[in-house]
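Undergrad: Coordinates for the following, if possible.
(3 chains)
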Amino acid sequence: MSDTKNINISDDFLFSPEPRQREIAKKLFALVAHLPLVCPHGHVDPRLFAENRPFPDPTELLIIPDHYLFRMLYSQGIPMESLGVPRADGGSTESDRLKIWQIVADNFYLFRGTPTGLWLKRELSQVFGINKRLTGASAREIYDEIAAALQKPENLPRAMFERFNIEVLSTTDSPIDTLEHHKKIRQSGWKGRVVPAFRPDNVTDFNFRTWRQNIDTLSHVSGIDCSNYYGFIQALRDRRLAFKEMGATSTDHGVFSPFTIEMSEREASQLFEKAIKGHATADDAALFTGHILMVMAEMSIEDGLTMQIHPGVFRNHNDVVLHKFGLDKGCDIPVATDFVRNLKPLLNKFGNDPRLNLIVFTLDETTYSRELAPLAGHYPAMKLGPAWWFNDSREGMLRFREMTTESAGFYNTVGFIDDTRAFPSIPARHEVARRIDCRFLAGLVAEHILDLDEAEEVIVDLAYNLAKKNYKF
Amino acid sequence: MSDTKNINISDDFLFSPEPRQREIAKKLFALVAHLPLVCPHGHVDPRLFAENRPFPDPTELLIIPDHYLFRMLYSQGIPMESLGVPRADGGSTESDRLKIWQIVADNFYLFRGTPTGLWLKRELSQVFGINKRLTGASAREIYDEIAAALQKPENLPRAMFERFNIEVLSTTDSPIDTLEHHKKIRQSGWKGRVVPAFRPDNVTDFNFRTWRQNIDTLSHVSGIDCSNYYGFIQALRDRRLAFKEMGATSTDHGVFSPFTIEMSEREASQLFEKAIKGHATADDAALFTGHILMVMAEMSIEDGLTMQIHPGVFRNHNDVVLHKFGLDKGCDIPVATDFVRNLKPLLNKFGNDPRLNLIVFTLDETTYSRELAPLAGHYPAMKLGPAWWFNDSREGMLRFREMTTESAGFYNTVGFIDDTRAFPSIPARHEVARRIDCRFLAGLVAEHILDLDEAEEVIVDLAYNLAKKNYKF
Amino acid sequence: MSDTKNINISDDFLFSPEPRQREIAKKLFALVAHLPLVCPHGHVDPRLFAENRPFPDPTELLIIPDHYLFRMLYSQGIPMESLGVPRADGGSTESDRLKIWQIVADNFYLFRGTPTGLWLKRELSQVFGINKRLTGASAREIYDEIAAALQKPENLPRAMFERFNIEVLSTTDSPIDTLEHHKKIRQSGWKGRVVPAFRPDNVTDFNFRTWRQNIDTLSHVSGIDCSNYYGFIQALRDRRLAFKEMGATSTDHGVFSPFTIEMSEREASQLFEKAIKGHATADDAALFTGHILMVMAEMSIEDGLTMQIHPGVFRNHNDVVLHKFGLDKGCDIPVATDFVRNLKPLLNKFGNDPRLNLIVFTLDETTYSRELAPLAGHYPAMKLGPAWWFNDSREGMLRFREMTTESAGFYNTVGFIDDTRAFPSIPARHEVARRIDCRFLAGLVAEHILDLDEAEEVIVDLAYNLAKKNYKF
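TA: Numbering: from 1, shown residues only, chains lettered A, B, ... in the order given. Alright, predicted model coming up:
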């Protein structure tokens, strides 16, 4: 493997090597490089900002919560235990932080050409001023540098938030969450804007492992008896308002399929009752989810929360890992998804109402040009979410623009979401997205499709204005 | 929004900014820029040329018939009524032409990076000599310039046809159309070649709203009793010949699925009888369409008409718009389409017969490299239609060449079709297509995959010869 | 058509025309241009090397076995008989070798922009030193040059093998093959490493036309009664070991679908019995194939053979050609394929075991970024095979890297396979693959995603090390 050496971080990073386009891209990037970060969708733990304690160590900060990192290492035969991934049964895993860091560094060549590799490299440089390449040889030195940096006041969570120039950061929260950390942040007097988002999957999906128990918790949190459909719906309505009071501007729905269906309250109530009794089938769960999306769209028209649908993931594909390590361990795999038929009931009922702001995401890129751009380029209520998860990458974001712009334009897209639980990677993620959009626009200018002044307007919209507008910040 | 300014229309428009490729592309484009336009498939109204009256005004000419334009504006919350789109119930909509024009101009930034934006910009420049950017500020001035130009003899429909250097233009017509306008054009002594194409969907698809009534009209027009299957088939055969006498060289089939099936006349007759009685189901309609495609292929072998299949569109996805404004209002959405299994019966029966010339189109780009290029690269009867509808765009056409050339070659494709009802956009559409093919070929030459003289031959074939050959002009 | 002229074969062949990337690509290619060829998967006839006789003539060598060539010619209306493709009924076809060659040359313009065109051009130059363009005019001269060359000792199969710098070549062989040619090669004392691969489709797929007869042959070859399931499985296990003794390091499974299923031995035995009695349905065959893939994975863990799955082809789509000319005549068409649900049973049972080395291929490019890269980027046992068949091409290989690298990295891919029966095309195929990888990596370096020294390491891995490692040579 390569020796330790300084990383060449160039101003030209990610721009086309063709000189004319590169110059245009640099001009465009100068307009947005220092704009505040709008972060309308992510999974950062609000406790960070409520407590504002120093991050414990480099491994805890950068490695353990990052399933992008350990999924790749695992794919090459490195056991998750050796990376300190906690076991579901509480059994022992590697606890020596430096040892884990060393494994990652020894194998960091595996991340060549991946977004994880790009982000981490950029993060070391931008957040911690480390411009050395992470290798087996440099691992210890870099670990120590970061560990030392984490003790400094400028690297406390709130200080980082301010340094990163974050204008607003949305977390993702369940209806049964009491939003204690959000309350604490608000009460602290700190000016950083951290808001929740309403993600009700764990109470709307009968398949959710702890669904029955979550319903009880929902009753408790909402003060409404949720053991019947009408109470349940009222509790959802109330919790949305409670979230809104805490600053929420959006909901999020991580459904398997974007299936929607027109259903009477009576039918919905019967399904719910069946589920409460423990008799609901997988089909019942799918039907109910299809109905709940309709209800959520209707409530969004009432309360104004932007509605996000994130479908198309086969969750926890690997049973062995699921049983040993639990949920969200890098075993989620995208599947082919049909939006045209599935979203028709919802779009026909609510899609012509401009009060609804529905943002649809996909992991199935084949739907960009075939389904989603044509749908977003027609229905007033629907917008197209950015390249997401596996596609939040250089190639993935370029393909997104190439396959959506011509049918949906730029103005039916909604800006960037970082969707991360890795807080210090946020600036790197936004930088990559902004650079890729600059690159794409530079191509259009160089080919005389847009004039430079048009591209200058568009890049500011993509980097900043569209996220603010669509997520109502 | 940007101020009024002159548009920079460059000779380099759409070519790679890399200088070597750009030079090659310019050389290639010089060979085809002035070749006559062959327009084998489109939706221009033949009445234009039969009557040869001045176009009424800029809005009527450029905005109202263009569902690309109003679908995008509608997607951003602008009501169709305010754009003068006629209502199905005859209710009032905006009638002030200049007011409509102003809305389009105010929002023309929405079309950045879209083909609609490119075409309109190019059209203003090439057809009307207007090199100003269309903005809110310039709207009135540009409107007035076009309105004045439309009064000049050189902008009468026939004069435009000649100015555009159109060699032949095919319209699209139903079997129940008596082709009056076509007859009038022929009788007028005008030399412009305008021909019909035979598109029987409204009599072959039981689902068509006015199907039963169309069958009666078909009886009337053909002079054959079409209330039974055998009469119906004979009428189709006769109408094809009548179309052929009026210059038609092709048929077109806008089916939902490319499903085909071998069926006995007896079975087909029973399905038809059921439909006549009003008892046909959706499945019956699909079966019958699958059978009719077989019959049409057989008739094409007899009468030599090139056969086109345009499948894969979920028509009128938006019920609200359908009920309020009727068909073809920008609410058609592509769906995933399987050609391999669906076309097998037809290809097995007729696909080895070089007398059949079957051109297959798709809106599902995933089928380019997986299905259509391999099929067209094997069956003698089958050719691959160009990037169509949502994909008739810079990126869409590049992807088409990238994903089809290696398996099907250039010579199993058929040149460009503009497929438009917006007559004055025709030169711009052909120019974009020719430039993109030049761009693609320039890349192959610059990478030493083709020699320049080979690319020079290919570009003339793509821009002119292949359309003439495959559509038998 | 173009006149005879010298072909411009450039050092820049296939590299980006942008100068900076081109320079980097040339530097990278210098590192791998002369590395030995590792050929882990292909269809070269081992008899060539067992007998080491001169190739009979240019047409027999280059045209007749190449279904890429005659599928394209056939698609343009040239009868297969005129190309000397043997008829199933033994009827007469063109036997004049020069006449066939002339047809190919006359129509060689059809292959512009196709891999077949590139390979043949490169092959003529590299293997036979012919730098003239193949046209109608040059056909005879080139034919004569090749014919003369084929008489020289340096063009005997074994001498070519050595000239090509082939380190190892795997053929593909059926379990009922006695591997006579492989034995003869080994006994000959020649040092060339030619090994078999175990492809059991013709005994595991009940649909195979001669399945019942193949089972008898398997009994004969293995010395085990295969008329019952347990004997059949034992025979497979034994034949795998016999193949391994002959140097095999891999198995190959050309299944229609990657469907896998957990099934008891009892159920499997009942299906097998039904098939032996001639009563198995198409569903039974699919179930049994899904079971056999599980058995094969388990045996691979035992005996260490790398397991390849090549799904997603609708074989012999054209019944007319199938009846007239038999199997493998260019009528195989890819279909959409789901890997996420189909491979789940196999991956859940064996995918976490690093002793299994499972290489999965696809012809459905939509699965690259959606399914296969995420799966290979997670399961330790699974690797992603290279762009295959219709996608073994400039654009196809670029898309492969663009759509897989960011989720799977480079190190979950396995290098190049040439998959050819056209022995003299092997160097050209490897050259194209190596050049495309250099091109891709040069882009990453020019955009500051990788440093040059990282790309230098990766290119050697892609061109050489990964194939050796994953195929255990």
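Undergrad: isn't A:Arg237 right next to A:Met296, touching?
TA: No: judged on CB atoms under 8 Å, A:Arg237 makes no contact with A:Met296 at a distance of 10.2 Å. All C-beta atoms are positioned from the backbone trio N, CA, C, and that covers glycine.
Undergrad: neighbour count winner among the two?
TA: A:Met296 (25 against 16; other CB atoms under 10 Å in any protein chain shown).
Undergrad: So which other helices or strands are in contact with the host helix or strand of that one?
TA: Per DSSP states H and E, A:Met296 falls inside helix A:282-303. The contact analysis (3 or more CB pairs under 8 Å, 6 or more residues apart in numbering or on different chains; DSSP states H and E) places helix A:282-303 against helix A:201-204, helix A:229-245, strand A:250-253, helix A:265-276, strand A:306-309, helix A:344-350.
Undergrad: Can you name the residue of chain A nearest to chain B?
TA: Going by CB to the nearest CB, chain B is nearest to A:Ala446 of chain A, at 3.7 Å.
Undergrad: What's the local residue count around the residue lying closest to that residue once chain neighbours are set aside?
TA: Among residues not flanking A:Ala446 along the chain, B:Pro17 sits closest, at 3.7 Å (CB to CB, 6 or more residues apart in numbering or on different chains). Counted with other CB under 10 Å, the neighbours of B:Pro17 add up to 21.
Undergrad: what's the answer for A:Asp144, then?
TA: 12.
Undergrad: For C:Ser407, see how far away it is.
TA: Applying CB to CB, to the nearest Å, the value for A:Asp144 to C:Ser407 is 32 Å.
Undergrad: Same check on A:Gln102?
TA: In terms of CB to CB, A:Gln102 sits 25 Å off from C:Ser407.
Undergrad: again, but for A:Ser257
TA: 22 Å.
Undergrad: neighbour-wise, which of those two wins?
TA: C:Ser407 (33 against 16).
Undergrad: Okay, and the more buried one sits in which element?
TA: helix C:394-408.
Undergrad: Show me how far that helix is from its chain's centre.
TA: Centroid separation for helix C:394-408 versus its chain: 18 Å, with CA atoms, centre = their mean, to the nearest Å.
Undergrad: Is any residue of that helix near chain B?
TA: Yes: under the criterion of CB under 8 Å from any CB of the partner chain, chain B is reached by helix C:394-408 at C:Arg394, C:Glu395, C:Gly396, C:Arg399.
Undergrad: That helix versus helix A:394-408: what angle between them?
TA: Taking axes from the mean of the first three to the mean of the last three CA atoms, to 10 degrees, one finds helix C:394-408 and helix A:394-408 inclined to each other by 110 degrees.
Undergrad: Which strands and helices lie in contact with the next helix or strand after helix C:394-408?
TA: The helix or strand immediately downstream of helix C:394-408 is helix C:426-446, counting by DSSP H and E. If you count contacts as 3+ CB pairs under 8 Å, 6+ apart, helix C:426-446 packs onto helix C:19-32, strand C:37-39, helix C:115-128, helix C:394-408, helix C:452-460.
Undergrad: mean pLDDT for those: which is lowest?
TA: Lowest mean pLDDT of these: helix C:115-128, a mean of 95.
Undergrad: pull the CA atoms of it into CSV?
TA: Output of helix C:115-128 as CSV, limited to C-alpha atoms (Å, rounded to 0.1, in the frame of the first residue of the first chain):
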residue,chain,number,x,y,z
PRO,C,115,-17.0,-3.8,-30.4
THR,C,116,-16.9,-6.4,-33.2
GLY,C,117,-15.6,-3.7,-35.6
LEU,C,118,-13.0,-2.5,-33.1
TRP,C,119,-11.8,-6.0,-32.2
LEU,C,120,-11.5,-7.2,-35.8
LYS,C,121,-9.6,-4.1,-36.9
ARG,C,122,-7.3,-4.4,-33.9
GLU,C,123,-6.9,-8.2,-34.5
LEU,C,124,-5.9,-7.8,-38.1
SER,C,125,-3.2,-5.3,-37.1
GLN,C,126,-1.9,-7.0,-33.9
VAL,C,127,-2.1,-10.6,-34.9
PHE,C,128,-1.5,-10.5,-38.6
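Undergrad: can you tell if that helix touches chain B?
TA: Yes: Helix C:115-128 reaches chain B (CB under 8 Å from any CB) through C:Pro115, C:Leu118.
Undergrad: The closest residue to A:Tyr368 other than its chain neighbours: how many residues sit nearby?
TA: Closest residue in space to A:Tyr368, ignoring its immediate chain neighbours: A:Met403 at 3.9 Å, by CB to CB, 6+ apart. The tally of other residues near A:Met403 (other CB under 10 Å) stands at 24.
Undergrad: Which among the helices and strands packed on helix C:426-446 is found nearest to B:Glu245?
TA: helix C:115-128 (42.4 Å; CB to CB).
Undergrad: how near is the spatially closest residue to A:Gln126 that is not a sequence neighbour to C:Val321?
TA: Counting by CB to CB, 6+ apart, A:Gln126 lies nearest to A:Pro427, which is 5.7 Å off, once chain neighbours are set aside. Counting by CB to CB, the gap from A:Pro427 to C:Val321 is 59 Å.
Undergrad: picking that back up, looking at the helices and strands packed on helix A:282-303, spot the one closest to chain C.
TA: strand A:306-309 (17.6 Å).
Undergrad: Mind listing the strands the closest one pairs with, and their directions?
TA: strand A:250-253 (parallel), strand A:358-360 (parallel) (DSSP bridges).
Undergrad: what does the next helix or strand after the shortest one rub up against?
TA: Past strand A:358-360, further along toward the C-terminus, the next helix or strand under DSSP H and E is helix A:366-367. Counting by CB atoms under 8 Å, 6 or more residues apart in numbering or on different chains, helix A:366-367 makes contact with A:Ala336, A:Thr337, A:Asp338, A:Phe339, B:Ala336, B:Asp364, B:Glu365, B:Thr366, C:Thr366, C:Arg370, all of which sit outside it.
Undergrad: Which of these sits closest to B:Asn155?
TA: B:Glu365 (37.2 Å).
Undergrad: So for chain A, the centremost residue is which one?
TA: Taking CA atoms, centre = their mean, the centroid of chain A lies closest to A:Asp419, which sits 1.8 Å from it.
Undergrad: Report the buried members of the residues of helix C:394-408 next to chain B.
TA: C:Arg394, C:Glu395, C:Gly396, C:Arg399 (16 or more other CB atoms under 10 Å in any protein chain shown).
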